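**Student:** generate coordinates for the sequence data below:
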Amino acid sequence: NLPYRQDRSNLDLRFKRNVIRHQILPLLKKEVNTKAEQHLNQLAEILREGEEFLHKSAEEAFEAAVKQKNERKIILEFESFCSYYSILQKYILFLAVNFIHENADILDYPAFKQALRVIHQGRLGKFVDIGERVQIGIDHSGIVIRRKKDIPAETVSFAIGDLVKLPGLHAYLISEYVDRKDAVFTPDPFTELIDAQKISGNILTIRRVRKGDRFQPLGMAEMKKVSDFFIDEKVPLHERWNTLVVENAGRIVWLIGRRLDERFRVQPETGKCVKFQVIWTEEHELSESKTGS
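**Tutor:** Next up, the predicted model:
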């Protein structure tokens, strides 16, 4: 019983809400059901409750299916995802896209259908674009929802001793000269030692892996395509072209976190070494904690 003001726009049939209010609802009540408006309100309440239930169920299913989650990429366990009803699968994809893109509205009905078709076909390496910034597809690791152009293609130059921000990662590279007698080798894939005498000059670069890159993997006698190395090492597709390399004078020194180049290995006669170490930030540790690793 609150008073209200009648505005002229409320009668303007150019607006769809007024067509529903002044034409469709009266026709429904007259020709179909006198309580049509009441029943529509009841249906809206049922749908609202159903939406709340599905959203809550999807949140639980999403967390159960997640293998890896950060602001650039989400990987879902394939069998777990496919065990849910189709409606929950759509909600899970909605939550995943919204997490990395903050605009899940790009998932309209055709996009849902296309994404689910690719997932259920199970073709490794097949990805579809969802909007301009998101891709969904299948990889060795599972169902991947990722940002396109995940890591900037920038090249960063540095000198030994500089602290370098790694492009696209919550991490820094530190480097320093150490005497061979003080060098300590570790199994940490993100700590590496090279022969300082093999470096040309004092400037190195960090960049993303490129198509056609070749290097001589540690322990091998011949050069090899980086792409073939990835295949042999079973590196997941979504990680391959996000790998960073340290380069010197056009030669790959180190596939960061993957393999050193044989040409730069420390020899018995090496006098001075360069130690590389990747230092992860708290943001990386937070993202990794979401994966359960």
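
**Student:** tell me the contacts of the residue nearest to the spatial centre of the chain?
**Tutor:** Geometric centre of the chain, nearest residue: K73, 1.5 Å, by Cα atoms, centre = their mean. When contacts are counted by Cβ atoms under 8 Å, 6 or more residues apart in numbering, K73 touches 100, 144-147, 150, 238. To be clear about C-beta, it is placed using only N, CA and C from the backbone, and glycine gets the same treatment.

**Student:** so which of those residues are in helices?
**Tutor:** If you go by DSSP state H, these have 100, 238 in helices.

**Student:** which among the contacts of K73 count as buried?
**Tutor:** Using 16 or more other Cβ atoms under 10 Å as the burial test, the contacts of K73 include 100, 144-146, 150, 238 as buried.

**Student:** all helices of this protein, in order?
**Tutor:** Under DSSP H, the chain gives helices at 16-19, 25-31, 36-65, 78-82, 86-101, 109-121, 226-232, 237-240, 282-289.

**Student:** mean confidence for the first one?
**Tutor:** Helix 16-19 shows a mean pLDDT of 92 in the predicted model.

**Student:** and that helix, what does it pack against?
**Tutor:** With contacts defined as 3 or more Cβ pairs under 8 Å, 6 or more residues apart in numbering; DSSP states H and E, helix 16-19 has no helix or strand neighbours.

**Student:** quick check, A171 in contact with V278.
**Tutor:** Yes - when contacts are counted by Cβ atoms under 8 Å, A171 is listed as touching V278 (5.2 Å).

**Student:** not counting sequence-adjacent ones, nearest residue to A249?
**Tutor:** In space, A249 comes closest to S200 once its chain neighbours are excluded; the distance is 4.0 Å by Cβ to Cβ, 6 or more residues apart in numbering.

**Student:** ok, now how distant is the residue nearest to the centre of the chain from L237?
**Tutor:** 12 Å (Cβ to Cβ, to the nearest Å).

**Student:** and G201, how far from N248?
**Tutor:** For G201, the distance to N248 - Cβ to Cβ - is 8 Å.

**Student:** between these two, which has more neighbouring residues?
**Tutor:** N248 (20 against 8; other Cβ atoms under 10 Å).

**Student:** if I pick that one, what's in contact with it?
**Tutor:** Going by Cβ under 8 Å, 6+ apart, the list of residues near N248 reads 199-201, 203-205.
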